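**Q** Sequence and computational prediction follow.
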Amino acid sequence: MTNSTIVEEAKPAGDEETAGLTPEYWAALGRRVAKRMAESWGAEWKSHDFDEVHESWGDHAPTAEYREAHKQFLKPLWDDGKDEQYDLLKRVCREAWQEQLAKELRFKRKSLFIDDVGYSSDDWRLGQQERYLLLQDGTTLSGWLGRAEDQPMFTFKVSCSTERRIRIPADAEFLPAPSEVKGLARTARLVLRRDSSGYRHWLAKRDVHCGYGITLVLPTGHLVRGRYECNLSREHNVPAFYFTLARGIAGEVRCLNMPTDAEYLIEGRAL
């Protein structure tokens, strides 16, 4: 049994030197790299870059074959000034890699498309037709899927008294059921204080600086890992919360202006 959507792909037939300079060769190579990246543990919950190198893997890194082929076929093209052919073959490889890896990761996440889950009905505030939007770390947002100006929109509660609505991409990912609800542990709200260096938000006894990872706790008990940012002054002190939706190979970042009654975990910082 395999977690992959494809089987190992044979290299294009023919003379090796000739085959190595065709788009078919580089598309097949890109798909093989994608398959190997997707097979690693936890691959479905991380962002991917084609050139990532894991030192512990050495020559067994997913991109090792690509680096060898680049040295053998692409670099000579570059050295000979054949930039157009070089760029074409490299682009073909990267595009095939991205398309295949997105398919592989979706398969591992067992995620659904918008058309699979359908839009919520007009009576969603009565507690019906919830949808479960998948985040990059494997958790979900429970809320309601609608449309505005032909754009998919997702509405969910960030605190007991406040809802937020975000635009989501057409290829956003969903799960058929919510992720496991985690224990709330100790939570607190962000409190604005002024000290000798100016205004600062505090979370219990911890001062929170721009760029810090914090974890939002939704009223459902679900955890959303994200990043805190704020342009602090007495007049402008609404914190912004950045988090990432699951989408293909790298996810998609969204930002919310947070209400004052939002709850956050006290212990630990999000990655």
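**A** Perfect, thanks for sending it.
**Q** going forward, measure contacts between C-alpha atoms and count neighbours the same way
**A** Noted.
**Q** which non-adjacent residue is nearest Arg247?
**A** Ala172 (5.5 Å; Cα to Cα, 6 or more residues apart in numbering).
**Q** ok now do that neighbour, which residues does it touch?
**A** 113-114, 133-134, 245-247 (Cα atoms under 8 Å, 6 or more residues apart in numbering).
**Q** 10 Å instead, please
**A** By Cα atoms under 10 Å, 6 or more residues apart in numbering, the contact list for Ala172 reads 111-114, 133-135, 152, 245-248, 251-252.
**Q** Serialize those to JSON lines and add fields for pLDDT, neighbour count and distance to His60.
**A** Listed next are the contacts of Ala172 as JSON lines, based on pLDDT from 0 to 100; neighbours: other Cα atoms under 10 Å; distance: Cα to Cα, whole Å:
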{"residue": "Ser111", "pLDDT": "96", "neighbour count": "18", "distance to His60": "29"}
{"residue": "Leu112", "pLDDT": "96", "neighbour count": "19", "distance to His60": "32"}
{"residue": "Phe113", "pLDDT": "96", "neighbour count": "15", "distance to His60": "33"}
{"residue": "Ile114", "pLDDT": "96", "neighbour count": "17", "distance to His60": "37"}
{"residue": "Leu133", "pLDDT": "96", "neighbour count": "30", "distance to His60": "35"}
{"residue": "Leu134", "pLDDT": "96", "neighbour count": "25", "distance to His60": "31"}
{"residue": "Leu135", "pLDDT": "95", "neighbour count": "24", "distance to His60": "30"}
{"residue": "Pro152", "pLDDT": "95", "neighbour count": "18", "distance to His60": "41"}
{"residue": "Leu245", "pLDDT": "96", "neighbour count": "24", "distance to His60": "30"}
{"residue": "Ala246", "pLDDT": "95", "neighbour count": "29", "distance to His60": "27"}
{"residue": "Arg247", "pLDDT": "94", "neighbour count": "24", "distance to His60": "27"}
{"residue": "Gly248", "pLDDT": "92", "neighbour count": "23", "distance to His60": "24"}
{"residue": "Gly251", "pLDDT": "93", "neighbour count": "20", "distance to His60": "26"}
{"residue": "Glu252", "pLDDT": "94", "neighbour count": "17", "distance to His60": "29"}
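**Q** Against Phe113, how distant is Leu105?
**A** For Leu105, the distance to Phe113 equals 13 Å [Cα to Cα, to the nearest Å].
**Q** Hmm, I typed the wrong one, I wanted Gly138.
**A** Going from Gly138 to Phe113 by Cα to Cα gives 16 Å.
**Q** again, but for Glu39
**A** To Phe113, Glu39 is 22 Å away according to Cα to Cα.
**Q** Then Phe243?
**A** Distance from Phe243 to Phe113, by Cα to Cα: 20 Å.
**Q** swap in Ala177?
**A** Ala177 is 14 Å from Phe113, where distance means Cα to Cα.
**Q** who touches both of those two?
**A** Common contacts of Ala177 and Phe113, defined by Cα under 10 Å, 6+ apart, comprise Leu133.
**Q** Tell me the buried residues in the helix or strand harbouring Glu104?
**A** Per DSSP states H and E: Glu104 is located in helix 83-109. Buried positions in helix 83-109, judged by neighbour count with 16 or more other Cα atoms under 10 Å: 85-86, 89-94, 96-98, 100-109.
**Q** Likewise for stretch 25-45?
**A** Here stretch 25-45 shows 25-39, 43-45 as buried, counting by 16+ other Cα under 10 Å.
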